[in-house]
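Trainee: Starting from these lines, generate the structure:
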Amino acid sequence: MAGNAHSNVAARRSVEQAALAYMVTGFAVFLLMGLLGLLMRLQHAGLIDLGPRWFYRIMTLHGAGMVAGVLLASMGGVSQVIAARIGLSPRLLWSAYVVYFLGSGLVVLATLVGGFAAGWTTTYPLPVRGDWPVSATWAFLLGYTLVAVAFLLWCLAVLVGARRAFGGLTSALAWPVLFRRPVGTGQPIPTGPELAATVVAIDGVIAVLAGVVYLVPIFAQLLGLVSGFDVLFAKNMLFLFGHTLVNLNIYLAVALVYATLGAYTGRAFKMSFPVALAFNLVIVLVLLPYFHHLYQDFAQPLPLHLVGQFGSYAVGVPAFFVTIVGSLGLLYGSRVRWSAPVIFILAGLWGWTVGGMAAVIDGTIAVNNVMHNTLWVPAHFHSYYLFGAAGYTWAYLFHRLSGVEGWASSALARRLAWLYAIGAGGFVLAFFLSGLQSVPRRYAVHLPEWQGLAQAAVPFVLLLVIAFGGLLLMALRSVPAAWRLPVAEPTGDD
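Mentor: Just a heads-up that it's a prediction; the model follows:
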């Protein structure tokens, strides 16, 4: 018995150390990709000249790396939160970490050395028609494959652990709460983070399988095994993979809101019928909005366009009523302890709301046909990603590290968090205003008439650099102590 207890503690410690490695590494990647984003804004402002080739290399790496970095950090944060009751396999977590960075390394080599510049979406036929060596295409696509495999390993670790912890996936999805079933004596009910992790893992498996369906024919063509394939079907699989993956990152980050906000309000999210219903609806709804990226593919069957419009409208409803309203409910009258994590979460609620509304607008077919290829689209996804997915994740990371030294509540940390909110707000506002003026996206060079708003955005990006640079210095001092921190005990919150 003593040996088993010691083994369990060692496994939990390994899981928590893997989680910390995920978060810190993801934060470092996020910062590096953010500097690449600054270069692109300077290019659009006419302040530097990267040239089209380097611009598109940087655009490709920035998009792929930013998603990879934030997703990795969110996976780590959620692993830390759910490890108390869901026994994740440390071997799977560390294996996923290694595979993730083998894939990420190939993507870096493909873009910066090989010259691959097809964009982070890699929409066919761009990956196989560029003027870069075929080896760069192979490296980039294999890198994507390895990253997808790593995410799949993480999803499987969550599903296996959740099934074991709750006696089946239906219980892990809170179906006893959803369908008012009697709960057996001693039967555990998932908390919000555990339910969110299970939902993300289910959809994550679907997304990865869609990515495989997209990549395999391209590999076959590169090997000369096939001469062609159904490109429209492939594009559907591509966006089912990529769009779903990015959106799942938000729901992972929502789990971290649940885990963080209660510590500063003295209240906790409780599992309830609305929470269970919202996340079970997400399983289906998060798979539908990607169709709004194909409205201009006129060969696409009309019913799929209508599904895209419905999905774009519907997916935000459960998120708004459960997470946003629920978070504001926790804050109302709570005598909240103001700190950097709370400010990040509040800014995230604002950005997720604004970005979600912008997505609904873009998801309307009549508007999409005019606005989709403008900077309105980067505006909406930077809003919910920079504020929401990333902001929530960094809130938890700073909360986790601050538990060692308590620096997140200091006056300096709060000021840096407000600088982040102001910088991010000004940055995305410039994108929105550019989109309203029909400034096109994915252009390497902007006409002088388009450069004013990009120039206005640069000081706000610099505020982001200052904010994250200062927080990074504060956080790094806590990492060694956090690595040695004793294993956290389950909270027992239902």
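Trainee: going forward, measure contacts between C-alpha atoms and count neighbours the same way
Mentor: Fine.
Trainee: all strands for the stretch 1-150 of the chain, in order.
Mentor: In the stretch 1-150 of the chain, no strands are defined using DSSP state E, counting those that start in this stretch.
Trainee: Show me the helices in it, by range?
Mentor: 2-44, 52-82, 90-108, 126-129, 134-166 (DSSP state H, counting those that start in this stretch).
Trainee: where in the stretch 51-200 of the chain is pLDDT low?
Mentor: Scanning the stretch 51-200 of the chain for pLDDT under 70 picks out 182-186.
Trainee: rewinding a little: the helices of the stretch 1-150 of the chain: which one's closest to Ala319?
Mentor: helix 52-82 (17.4 Å; C-alpha to C-alpha).
Trainee: Check which helices and strands the closest one sits against.
Mentor: helix 2-44, helix 90-108, helix 192-222, helix 231-265, helix 390-405 (3 or more C-alpha pairs under 8 Å, 6 or more residues apart in numbering; DSSP states H and E).
Trainee: what's the angle between it and helix 134-166?
Mentor: Put simply, helix 52-82 runs at 10 degrees to helix 134-166, going by axes from the mean of the first three to the mean of the last three C-alpha atoms, to 10 degrees.
Trainee: Go through helix 52-82 and flag the buried ones.
Mentor: Across helix 52-82, burial judged by 16 or more other C-alpha atoms under 10 Å covers 54-82.
Trainee: That helix vs helix 90-108, what angle?
Mentor: Using the same axes, to 10 degrees: helix 52-82 against helix 90-108 is 170 degrees.
Trainee: what's the offset of helix 52-82 from the middle of its chain?
Mentor: For helix 52-82, the separation from the chain centroid amounts to 8 Å (computed by C-alpha atoms, centre = their mean, to the nearest Å).
Trainee: do stretch 287-305 as well
Mentor: With C-alpha atoms, centre = their mean, you get 23 Å for stretch 287-305.
Trainee: With stretch 244-263 instead?
Mentor: 9 Å.
Trainee: picking that back up, turn the helices of the stretch 1-150 of the chain into TSV, including distance to Val428.
Mentor: Converted to TSV, the helices of the stretch 1-150 of the chain look like this (distance: least, C-alpha to C-alpha, whole Å):
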stretch	distance to Val428
helix 2-44	12
helix 52-82	16
helix 90-108	26
helix 126-129	28
helix 134-166	27
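Trainee: Poorly predicted segments of the stretch 301-450 of the chain, please.
Mentor: Checking the stretch 301-450 of the chain against pLDDT under 70 turns up 404-405.
Trainee: mind listing the helices for it?
Mentor: Going by DSSP H, counting those that start in this stretch, the stretch 301-450 of the chain shows helices at 302-314, 316-318, 325-331, 340-362, 365-371, 376-382, 390-405, 411-436.
Trainee: quick one on the thing from earlier: pick the most deeply packed of the helices and strands packed on helix 52-82.
Mentor: Mean neighbour count (mean count of other C-alpha atoms under 10 Å) peaks for helix 390-405 among the helices and strands packed on helix 52-82, with a mean of 25.
Trainee: Could you double-check that Tyr290 lies in contact with Val307?
Mentor: No. Counting by C-alpha atoms under 8 Å, Tyr290 does not reach Val307; the two are 9.6 Å apart.
Trainee: what about Arg180, neighbour count?
Mentor: A count of nearby residues for Arg180, using other C-alpha atoms under 10 Å, gives 10.
Trainee: just to revisit the earlier point, show me which of Tyr290 and Val307 is the more surrounded one.
Mentor: Tyr290 (26 against 16).
Trainee: Show the contacting residues for the more buried one.
Mentor: If you count contacts by C-alpha atoms under 8 Å, 6 or more residues apart in numbering, Tyr290 has them with 239-240, 243-244, 308, 312.
Trainee: where's it relative to Val9, distance?
Mentor: 42 Å (C-alpha to C-alpha, to the nearest Å).
Trainee: And Thr364, its phi and psi?
Mentor: Thr364 adopts backbone torsions of phi -80, psi 120, taken as degrees, to the nearest 10.
Trainee: likewise Gly51?
Mentor: phi 80, psi 150.
Trainee: Could you pull up the residues touching it?
Mentor: Taking C-alpha under 8 Å, 6+ apart as the test, what Gly51 contacts is Ala444.
Trainee: any idea how far Ala444 is from it?
Mentor: Gly51 is 8 Å from Ala444, by C-alpha to C-alpha.
Trainee: do His62 as well
Mentor: Taken as C-alpha to C-alpha, the span from His62 to Ala444 is 14 Å.
Trainee: Quick one: residues contacting the closest residue to Val257 other than its chain neighbours.
Mentor: Spatial nearest neighbour of Val257, excluding adjacent residues (C-alpha to C-alpha, 6 or more residues apart in numbering): Tyr392 at 6.1 Å. Contact partners of Tyr392, counting by C-alpha under 8 Å, 6+ apart, are 253-254, 256-257, 344-345, 348.
Trainee: Also Ala413?
Mentor: Neighbours of Ala413 in contact, by C-alpha under 8 Å, 6+ apart: 339-340, 407, 471.
Trainee: Where does Ile189 sit: helix, strand or coil?
Mentor: Secondary structure assignment for Ile189 (DSSP: H, G, I helix; E, B strand; the rest coil): coil.
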